[in-house]
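A.B. asks: Predicted model and sequence follow; I will ask about them next.
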Amino acid sequence: SSSTKEARFSFTDPYYTIDGVSRGVDLYFKQTDFEESDTVKYNTDETGIGLSFGYPISNESRISTNFAIQNVNLETAASVPTYISTFLTQEGASAGTEVDFVELKTGISYNYDTLNKAFLPTDGTRSRVSFDLAIPGSDLEYYSINYLGETYVPVFTAEDVSLKFKTRLGYGDGYGDSEGLPFLKNYYAGGIRTVRGYKYNSLGDKVPVGETQAGEQIGGNVLITGTAALQFPMPGIKETDQARLSLFSDVGQVYNDSVKLADLRYSAGLALAWMTPIGPLSFTYASALNSKSTDETEGFQFSIGST
């Protein structure tokens, strides 16, 4: 996206041992300009190296562990909202300067996958539960727990019509010397990958009126999103694995600690997923069903590289 530039080298040996244990090495650099992603204005540069191992439990399930060392360079404007200035003061830094945070990270995840195909599946389940931790002694001490689940249920097999259900949940918090989840690790929602019909990263709390950058999104440490969809082939396209339409309804929100289900936002619309020579494309048109006056809505959205 326009807000993120990333260079990554990854290598995985799927047969590191004769028992099917895999080993991976990951080198990466990621630069994010949050002003371009319609949130509070700050920049981060992440540079790191990681090592991962995967352990097969069965043909459908796998446990993975990872270890990484990462440097995060944070640059803020000279004038920032109160929650950022409070964080910087706690970390012994000040607004308008650059500060580096060194993190030693580890994580564990469980993956289960019975999907009948990788692109545009119509049957099966895929789920992932993960726990990630910045090890004590890191400049930032925090953890996060995440869940991603997808289920596809055939409705009319001959006509290639199916139901799709997708849920994503996330929670993060600080420990030790970190008071709460560091703001640069916040979750965001809104847009084609979470709650369609609302602008990218537009949901959740905003900077209060009267403060610097008032009205900008700040994200949160709790994420809830879900999707229900009816998938069917695109008329006139013989290769149903290449293009698919869906009628969908999305729900989601980000929160800061306190979850209020009444604040969930809903949308519904029509989507097209299409595999092209340049990669997968997604086009959606959605209507926000319960938007408030402070929400930013957007009917047509598209993305390249994901569905």
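C.D. replies: Noted; the coordinates are in hand. Numbering: from 1, shown residues only.

A.B. asks: A286: helix or strand, and which one exactly?
C.D. replies: strand 279-288 (DSSP states H and E).

A.B. asks: Over to Y112?
C.D. replies: Using DSSP H and E, Y112 falls in strand 98-113.

A.B. asks: looking only at pLDDT, what's the mean for that strand?
C.D. replies: Average pLDDT, strand 98-113: 96.

A.B. asks: Now it: buried residues?
C.D. replies: Buried residues in strand 98-113, counted by 16 or more other C-beta atoms under 10 Å: F101, E103, K105, G107, S109, N111, D113. (C-beta placed from N, C-alpha, C; glycine too.)

A.B. asks: ditto for stretch 45-64
C.D. replies: D45, E46, T47, G48, G50, S52, G54, R62, S64.

A.B. asks: coming back round to it: report the angle between the helix or strand following the strand holding A286 and strand 279-288.
C.D. replies: Sequence-wise, the next helix or strand downstream of strand 279-288 (DSSP H and E) is strand 300-304. Angle of strand 300-304 versus strand 279-288, following axes from the mean of the first three to the mean of the last three C-alpha atoms, to 10 degrees, is 160 degrees.

A.B. asks: now for strand 300-304, which elements pack on it?
C.D. replies: Packed against strand 300-304 by the contact rule (3 or more C-beta pairs under 8 Å, 6 or more residues apart in numbering; DSSP states H and E) you find strand 279-288.

A.B. asks: what about dumping the CA coordinates of the one helix or strand S85 maps to to CSV?
C.D. replies: Following DSSP H and E, one finds S85 within helix 82-90. The C-alpha coordinates for helix 82-90 follow below in CSV (Å, rounded to 0.1, in the frame of the first residue of the first chain):
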residue,chain,number,x,y,z
THR,A,82,-1.6,13.4,24.7
TYR,A,83,-1.5,9.6,24.5
ILE,A,84,1.6,9.7,22.4
SER,A,85,3.4,12.3,24.5
THR,A,86,2.6,10.3,27.6
PHE,A,87,4.1,7.2,26.0
LEU,A,88,7.3,9.1,24.9
THR,A,89,7.7,10.5,28.4
GLN,A,90,7.5,7.0,30.0
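
A.B. asks: for it, which positions count as buried?
C.D. replies: Y83, I84, S85, F87, L88.

A.B. asks: out of everything not next to it in sequence, what's closest to the third one?
C.D. replies: Across the structure, with C-beta to C-beta, 6 or more residues apart in numbering as the measure, the residue nearest S85 apart from its sequence neighbours is A95 (5.8 Å).

A.B. asks: Write down the beta-bridge partners of L230, one by one.
C.D. replies: L163, L247 (DSSP bridges).

A.B. asks: Which residue ranges of the stretch 1-150 of the chain form strands?
C.D. replies: For the stretch 1-150 of the chain, the strands defined by DSSP state E, counting those that start in this stretch cover 4-13, 22-33, 42-56, 61-76, 98-113, 124-134, 142-156.
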